[in-house]
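Colleague: sequence and computational prediction follow.
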Amino acid sequence: MFRWPISIYYEDTDAGGVVYHANYLKFFERARTECLRAIGVNQTQLLAEDIAFVVTRAELDFCRAARFEQNLLVETLVIEMKKASLTFQQRLVDHQGVVYCEGKIVVACITLTRMKPRAIPQNIVQELKSGS
């Protein structure tokens, strides 16, 4: 389980001070990026090698409204690994474990110039397996 802190800024909210629904996807994206960075995956290097990860599916459940100036955590866990895709379970929670939003995000590994699926590089597979 990877945890990444998120602070809710004014720009994340709507006129009522509640997090705008699309911003939960941004929080989850940042946490997945940091999760990969924590295991040594350099996405700039991947792009130079014509490799990218793209979201192919996102399912979100909005459980409770997050608000301006809250400090929360995104919990990220790889729950399925296939040859060319990863499925992440992610939750935005407070420090007592109260869930604000949870989702299942599927990302595919692609050859960027062709926009076609490709196998996840072995070094990434190994790091994800050793971290789980």
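Modeller: Yep, it's here.
Colleague: make it CA atoms for all contacts and neighbour counts henceforth
Modeller: Will do.
Colleague: from residue 61, how far out is the most centrally placed residue in the chain?
Modeller: Nearest to the mean C-alpha position of the chain, counting by CA atoms, centre = their mean, stands residue 32 at 3.1 Å. Going from residue 32 to residue 61 by CA to CA, to the nearest Å gives 18 Å.
Colleague: please apply the same query to residue 42.
Modeller: Counting by CA to CA, the gap from residue 42 to residue 61 is 30 Å.
Colleague: same question for residue 103.
Modeller: Residue 103 is 6 Å from residue 61, by CA to CA.
Colleague: those two - which one has more neighbours?
Modeller: Higher neighbour count among residue 103 and residue 61: residue 103, with 19 against 12, using other CA atoms under 10 Å.
Colleague: so what touches stretch 17-33?
Modeller: 3-4, 6, 8, 10, 12-14, 65-68, 74-76, 90, 101 (CA atoms under 8 Å, 6 or more residues apart in numbering).
Colleague: next SSE after whichever helix in the chain runs longest?
Modeller: If you go by DSSP state H, the chain has its longest helix at helix 23-38. The helix or strand immediately downstream of helix 23-38 is helix 43-48, counting by DSSP states H and E.
Colleague: can you give the strand pairings for the helix or strand that that next one is followed by, parallel or anti for each?
Modeller: Downstream of helix 43-48, the next assigned helix or strand under DSSP H and E is strand 51-62. Next to strand 51-62 in the sheet, as set by DSSP bridges, lie strand 99-111 (antiparallel).
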